[in-house]
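Enquirer: sharing a model that was predicted from the sequence below.
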Amino acid sequence: MFEKLKKYILFFLSDLKSLFFEMLPHGKVEKTVVAVSLFVYLPLAFCLGINTSFIYNTNILSDIYFNFDTSSYVKGLIESWHPIIGDPRHPFLTFITWPFSLFGKLLSLFFGIRAGFYVFLSLAGLMVACSNMYVYRYLSDIVRIGIKRSLLLTVFFCFFATNLTLSFTPESYPFSLFFLTFMMMTFSGNIRENKKISFFRIFVLGNVIAGITVTNIVKCFIPDLFSGLKITRVLKRSFAVGIFFLVVYFGLFKVVNVDVIGALSGYSNKFISADTYNEAFHTSKGNALFSYFFNAPVYWGTFTNIPMGKSDYPQLNIAYCSHFSDYILGGILLSLCACSVIMNRKNRLIFILLLSLFVDFFLTFIMNFGLFESFIYGGHWVFIIPMLLGWMYHGLKTGRQRVVFDVVMTVMFVALLINNACRMSQIFDFALKYYPV
């Protein structure tokens with residue numbers, strides 16, 4: 001019995017070590033991807049963080065931009081010496097980030113509270129930079145479209161509106177983007193090589209990802225459906241991880257005497273009917289889905305600073321698409337993704353991407369959860385776009401077709417860069433005008 005236990009412990013430690021090293025960049029190209037990403041993200045983040053209170057404002061804890069609660073998160077993370085249990089949507093986030101919280105707390109004792117804020121500002125940029133690297137590894141090692149084309153799609157992804165926003169947003173979403181992209185990359189790699197996905201990895205990543213955002217736990221079970229295991233075994237593995245998570249989840253909140261059901265019911269206002277949306281925001285549900293769910297996470301649309309709800313302070317939000325030009329780039333990108341799915345419809349890795357995307361689509365479009373603010377949930381799925389575009393390359397039959405697609409993606413990247421650079425300058429203008437330090 002002890003020999004068997006020793007064997008399991010050694011396997012656990014070996015797999016944990018392997019998982020950790022997979023998270024690190026491999027080779028010069030991946031290190032360059034991370035370095036260049038940080039070179040783009042950190043100056044933007046620190047310019048906003050040092051010169052304005054746009055990101056971290058001690059007087060306004062939420063909703064200054066795009067309905068993010070950055071000030072509230074930063075305040076909670078750097079003002080306590082121990083993890084705080086309180087948000088049922090992100091139950092383990094403070095445990096996962098606790099080492100960084102401790103470091104930030106120590107710095108804040110000597111250099112002021114904003115020193116701790118800069119730790120999390122840097123961490124958000126690092127999470128997004130590593131996500132870019134995982135997308136590159138997926139494209140080069142799994143789709144296998146070559147270094148240059150993998151870099152083209154990775155740079156395209158690097159300047160998505162979601163990536164730029166999350167790079168200066170110390171909240172739960174950069175962590176979700178990091179772990180979901182890593183999970184998709186490593187599990188897809190196992191399936192591509194016809195290897196089984198270890199239960200240990202599903203267990204660890206499932207609990208971490210669900211601990212950051214509860215609803216994402218479902219996505220950790222999807223790749224196992226295509227791993228070649230019998231469906232009964234897949235269900236048993238998923239059930240075991242799910243039960244463990246629920247026991248720990250409700251146990252933790254029971255210990256701190258938090259009514260989980262009551263706390264979650266407080267978010268019922270996130271579920272909004274189509275009729276209510278039409279009346280309040282003067283656009284259709286379909287246009288809202290395209291504008292906020294698909295288009296805005298890639299190409300920032302028109303900004304508005306009209307306060308939402310009962311707020312009386314300036315807020316930066318995204319307006320829905322209202323002009324033909326707003327639909328062009330997003331429409332082309334959506335069409336390319338659809339073509340990729342059709343061309344690779346027999347590829348099981350495509351179905352993993354689609355089912356993962358469907359989880360967010362179901363919550364947003366069918367359940368109407370946070371439809372008007374679905375831009376902020378881009379961190380849960382936006383990495384799927386460059387992966388689908390990579391499979392588009394894979395599905396093209398001739399070298400000439402791939403060269404034409406190179407041109408298309410280059411033009412799309414230039415358009416993305418110009419659009420999002422202009423919008424980023426508007427964010428700076430708004431922050432400096434309304435929230436200067």
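Expert: Now that the structure is in, tell me what you want to look at.
Enquirer: any chance you could map the helices in the stretch 301-437 of the chain?
Expert: In the stretch 301-437 of the chain, the segments counted as helices under DSSP state H, counting those that start in this stretch are 324-343, 348-361, 384-395, 399-434.
Enquirer: now do the last one against helix 384-395, angle only.
Expert: Right, the one you point to is helix 399-434. Between the axes of helix 399-434 and helix 384-395, defined by axes from the mean of the first three to the mean of the last three Cα atoms, to 10 degrees, the angle is 170 degrees.
Enquirer: which elements pack onto helix 399-434?
Expert: For helix 399-434, the elements it packs on are helix 27-51, helix 147-158, helix 161-166, strand 303-304, helix 324-343, helix 384-395, judged by 3 or more Cβ pairs under 8 Å, 6 or more residues apart in numbering; DSSP states H and E. Where C-beta positions appear, they are placed from N, C-alpha and C, glycine not excepted.
Enquirer: what's the most buried one of those?
Expert: Highest mean neighbour count of the helices and strands packed on helix 399-434: helix 161-166, a mean of 26 (counted as mean count of other Cβ atoms under 10 Å).
Enquirer: quick one: closest of the helices of the stretch 301-437 of the chain to Phe159.
Expert: With Cβ to Cβ as the criterion, Phe159 lies closest to helix 399-434 of the helices of the stretch 301-437 of the chain, at 5.6 Å.
Enquirer: what residues sit buried inside that closest one?
Expert: When neighbours are counted by 16 or more other Cβ atoms under 10 Å, the buried residues of helix 399-434 are found to be 402, 405, 409, 412-413, 416, 419-420, 423-424, 427, 430-431, 434.
Enquirer: what's the angle from that helix to helix 147-158?
Expert: For helix 399-434 against helix 147-158, the angle between stretch directions is 30 degrees (the same axes, to 10 degrees).
Enquirer: looking at the helices and strands packed on helix 399-434, spot the one closest to Leu93.
Expert: helix 161-166 (14.6 Å).
Enquirer: before we move on, back to that, out of the helices and strands packed on helix 399-434, nearest to Met185?
Expert: Closest among the helices and strands packed on helix 399-434, once you apply Cβ to Cβ, is helix 384-395, at 8.9 Å.
Enquirer: which strands or helices does the closest one pack on?
Expert: Contact partners of helix 384-395 among helices and strands, from 3+ Cβ pairs under 8 Å, 6+ apart: helix 147-158, helix 324-343, helix 348-361, helix 399-434.
Enquirer: figure out which of those helices is closest to Ser176.
Expert: Ser176 lies closest, by Cβ to Cβ, to one member of these: helix 348-361, at 11.0 Å.
Enquirer: show the average pLDDT along that closest one.
Expert: Over the span of helix 348-361, the pLDDT mean works out to 94.
Enquirer: what sits up against it?
Expert: Applying Cβ atoms under 8 Å, 6 or more residues apart in numbering, the contact partners of helix 348-361 are 142, 184, 187-188, 191-192, 215-216, 218-219, 222-223, 225-226, 293, 340-341, 344, 377, 380-381, 384, 387-388, 391.
Enquirer: report the angle between that helix and helix 324-343.
Expert: For helix 348-361 against helix 324-343, the angle by the same axes, to 10 degrees is 140 degrees.
Enquirer: now helix 348-361, how far from the centre of its chain.
Expert: Distance of helix 348-361 from its chain centroid, counting by Cα atoms, centre = their mean, to the nearest Å, is 15 Å.
Enquirer: please point out which parts of it sit buried.
Expert: Neighbour-count burial for helix 348-361 flags 349-361 (criterion: 16+ other Cβ under 10 Å).
Enquirer: for the helix or strand hosting Phe203, packing partners?
Expert: When secondary structure is defined by DSSP states H and E, Phe203 falls within helix 199-212. Packing partners of helix 199-212 (3+ Cβ pairs under 8 Å, 6+ apart): helix 2-23, helix 93-96, helix 173-192, helix 217-221, helix 231-255.
Enquirer: any weak-confidence spans in the stretch 51-200 of the chain?
Expert: For the stretch 51-200 of the chain, applying pLDDT under 70 flags the ranges 78-86.
Enquirer: let me redo that: the stretch 201-350 of the chain
Expert: 256-283, 306-312, 321-323.
Enquirer: what does stretch 324-332 rub up against?
Expert: The list of residues contacting stretch 324-332 from outside it, by Cβ under 8 Å, 6+ apart, reads 290-291, 294-295, 298-299, 301-302, 321, 412, 415-416, 419.
Enquirer: ok, now stretch 50-63?
Expert: Contacts to stretch 50-63, defined as Cβ under 8 Å, 6+ apart, come from residues 45, 48-49, 64-65, 68-72, 74-75, 114, 117, 121, 168-170, 308, 311, 313, 315, 427, 430-432, 434-437.
Enquirer: buried set for that stretch?
Expert: Of the residues in stretch 50-63, those with enough neighbours to count as buried (16+ other Cβ under 10 Å) are 52-57, 60-61, 63.
Enquirer: from those, pick the one nearest Phe245.
Expert: Leu61 (28.4 Å).
Enquirer: that closest one and Arg400: what is the separation?
Expert: 55 Å (Cβ to Cβ, to the nearest Å).
Enquirer: and what of Ser335?
Expert: The spacing between Ser335 and Arg400, counted by Cβ to Cβ, is 20 Å.
Enquirer: same thing with Leu432?
Expert: Plainly put, Leu432 is 48 Å away from Arg400 if you go by Cβ to Cβ.
Enquirer: so Val234 makes contact with Phe226?
Expert: No - at 9.4 Å, Val234 does not count as touching Phe226 under the criterion of Cβ atoms under 8 Å.
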